[in-house]
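[1] Got a predicted model here, sequence first, then my questions.
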Amino acid sequence: MKITVVGTGYVGLVSGTCFAEVGIDVTCIDVNAQKIAGLQQGIMPIYEPGLEELVIKNTKKGRLHFSTSLKDHLADTEVVFIAVGTPPGEDGSADLQYVLEVAREIGRHMTHYLVVATKSTVPVTTGAKVQAVIAEELAKRGVTIPFAVASNPEFLKEGAAVEDFMKPDRVVIGVEDPKAEEILKRLYKPFQLNGDRVIFMDVPSAEMTKYTANAMLATKISFMNDIANLCELVGADVNMVRRGIGSDSRIGNKFIYPGVGYGGSCFPKDVKAIIRTAKAYNYDLKVLQAVEEVNEAQKMTMAQKVFSHFGKDLKGKHFAVWGLSFKPNTDDMREAPAVVIIEALLAAGATVSAHDPIAMNEAKHQLGDRVTYAQDAYVACLDADALLLVTEWHEFRFPNWEVVGKLLRQKVVFDGRNIYDRYYLRNDLGYQYYGVGVK
C-alpha cells in the first residue's frame, strides 16, 4: 500500500514515519523545500523522542520518502492525508486556507479513486468543504473521478507522539463510503494486533470528537488551577485535594495537576476554535469561555507571586528560570507559559537567565537576546535572586539544593509544578518556597 501525507509538522511527520515503520510506502510532502532537503538528510525540523531514529531508518529502507510535489505522487497512492497547519485567525477560528489548497491540488491532479483524509485539527463542516473543493476542481477539468473524504483526527501527545501512534488507545475515523472504510481499516490493521481500537463514525462527529477531547482536557486543567488558587486562600493543600478526588474512578487522576497553565499547539488553539464554531451557530460555550479565561490568568500567577515577594519594581533583580517549552520532552514554545512569565519579569525591570534541555533555540525566536541562555541548569542560578521552575523536565526533579543555595543570592524557589518537597526546602535547607495551591 502507498500513501501520501501532506505536511511535515508534528502530526504529518510522526504519522508518515510510523506508517512507514510498519511497512507501508509513504511519501511526505511539504512546500518548504529547505525542510524537505533537511529531512532527506535526516535533519529533523522538530524534536520528538524516538522520531529521528525512525525517520533515518525508514528512509534508508526505502519506505519513507520526502518531496515538495504532491501532483508527482498522486498517480500510485491510495490515501492522501492532509496534515497541514490550521492556525487560529484573529477571531479564534481555525484558518482552513492550507487544508483547502491541498484539496484543490488533489482535485487538479488526481487520476483514480482516492481516499482523502484530514488529520489536521479542523472544525465541523470541513469535510464537506474539502469534498466541494475537490469536486469543483474535477468539474473544471471536465472529468468524473470517484473519491471519498474522511476525517481521521490525531490524538498524539507531544513528547510521546511516536508511542501514541504505534500503540493507540483509539483510532477515530469519520467516513461514509464503504470502500474508503475498508481501505482505512486495512491501513490501520498493523496497529490493532492487540485489540480493535478503531471507532468508525460519520465525518462531522469525528471532527467534533477531536475538539471535544482537547476541550475536556483543557477544562480539567483550568478547573484544577482554579481550585488550586482557592486552596491557597483558604489554607488547603491542593496536592491532598487532588489525591482525594483522583481516587474517584469517575474523575480519575490524569490532567488534575495544578500548574502555571496549559500551552502548546493544540489546547489554546482548539479551545478558541470550538468557541468560535459555537458562536457561528449563535451558541455560547460558557464553560469553555471560562476555561480560556482561567488559563490566561493562570500564566501570570507565578509572576504575581514574584511581585508579592520582591515588589513590583524588579530593577536590579535577576532570576533563574528552569524550563521554557510548554511541557517536557518537546521544543514547542507555542503559547508556552514561560514566555508570559519571563515577559512580565522583564517588563518589571528584571534580568533573566534560563535553561531548557531542548527548547532554547526555539525560545530565542520569541525572546531574542533579552534573556541569557545558560547551557547548564546550575549556571542559570548564578547570582539569581530566586529560581523559577516552569517546566518539569526530568533533570530538574532532583537538583543538588546545597549547590543551588550557594549559587543563588537569596534562597527563594517558585515551584510552578509542585514537584519539590516544600517542607524539606523550608525546614531543613532554609529556602523560602512558593508552590501552586499550597501555603
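    Done, it's in. As the structure is a computational prediction, the values presented were derived from the model and not from experiment. Numbering: from 1, shown residues only.

[2] Could you find the closest non-adjacent residue to Leu367?
    Counting by Cβ to Cβ, 6 or more residues apart in numbering, Ile342 is the residue found nearest to Leu367 once chain neighbours are left out, at 6.3 Å. (C-beta placed from N, C-alpha, C; glycine too.)

[3] for Asp76, same thing?
    Spatial nearest neighbour of Asp76, chain neighbours left out: Lys2 (5.5 Å); criterion: Cβ to Cβ, 6+ apart.

[4] Tell me which residues touch the one you found, please.
    Remark: with contacts taken as Cβ atoms under 8 Å, 6 or more residues apart in numbering, Lys2 is in contact with 24-27, 76-78.

[5] Report the separation between it and Cys18.
    When Cβ to Cβ, to the nearest Å is the yardstick, Lys2 and Cys18 sit 16 Å from each other.

[6] For the residue nearest to Leu367, give me its contacts.
    Ile342 sits in contact with 321, 352, 354, 367, 371, where contact means Cβ under 8 Å, 6+ apart.

[7] Please list all residues in contact with Glu48.
    Residues touching Glu48, when contacts are defined by Cβ under 8 Å, 6+ apart, comprise 10, 13-14, 158-159, 161-162, 329-330.

[8] Please state the backbone phi and psi of it?
    Dihedral angles of Glu48 (phi, psi; degrees, to the nearest 10) stand at phi -150, psi 120.

[9] where's it relative to Pro87, distance?
    Here the distance between Glu48 and Pro87 works out to 20 Å (Cβ to Cβ).

[10] For the residue sitting furthest away from the middle of the chain, grab phi and psi.
    With Cα atoms, centre = their mean as the measure, the chain has its most outlying C-alpha, relative to the mean C-alpha position, at Gly142: 41.6 Å. When read as degrees, to the nearest 10, the backbone of Gly142 gives phi 70, psi 30.

[11] show me where the stretch 251-400 of the chain has strands.
    318-322, 351-355, 372-373, 386-389 (DSSP state E, counting those that start in this stretch).

[12] Show me just the buried residues among the contacts of Lys2.
    For those, a neighbour count by 16 or more other Cβ atoms under 10 Å gives the buried set as 24-27, 77-78.

[13] Among those, which lie within strands?
    In strands, judged by DSSP state E, the following of the buried ones among the contacts of Lys2 are found: 25-27.

[14] and the closest residue to Ile419 other than its chain neighbours, what does it touch?
    In space, Ile419 comes closest to Glu392 once its chain neighbours are excluded; the distance is 5.2 Å by Cβ to Cβ, 6+ apart. Each residue near Glu392 by Cβ under 8 Å, 6+ apart is listed here: 323, 328, 417, 419.

[15] and the residues you listed, which are buried?
    With burial judged by 16+ other Cβ under 10 Å, the buried subset of these is 323, 328, 417.

[16] now those residues in CSV, with distance to Glu53?
    Converted to CSV, these look like this (distance: Cβ to Cβ, whole Å):
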residue, distance to Glu53
Gly323, 25
Pro328, 19
Arg417, 29
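
[17] Can you convert the strands of the stretch 251-400 of the chain into JSON lines and add a column each for distance to Lys305?
    Formatted as JSON lines, the entries for the strands of the stretch 251-400 of the chain read as follows, by distance: least, Cβ to Cβ, whole Å:
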{"stretch": "strand 318-322", "distance to Lys305": "12"}
{"stretch": "strand 351-355", "distance to Lys305": "16"}
{"stretch": "strand 372-373", "distance to Lys305": "22"}
{"stretch": "strand 386-389", "distance to Lys305": "9"}
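
[18] Quick one: those as a markdown table, columns for mean pLDDT too.
    Rendered in a markdown table, the data for the strands of the stretch 251-400 of the chain read as follows (pLDDT from 0 to 100):
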| stretch | mean pLDDT |
| --- | --- |
| strand 318-322 | 98 |
| strand 351-355 | 98 |
| strand 372-373 | 98 |
| strand 386-389 | 98 |
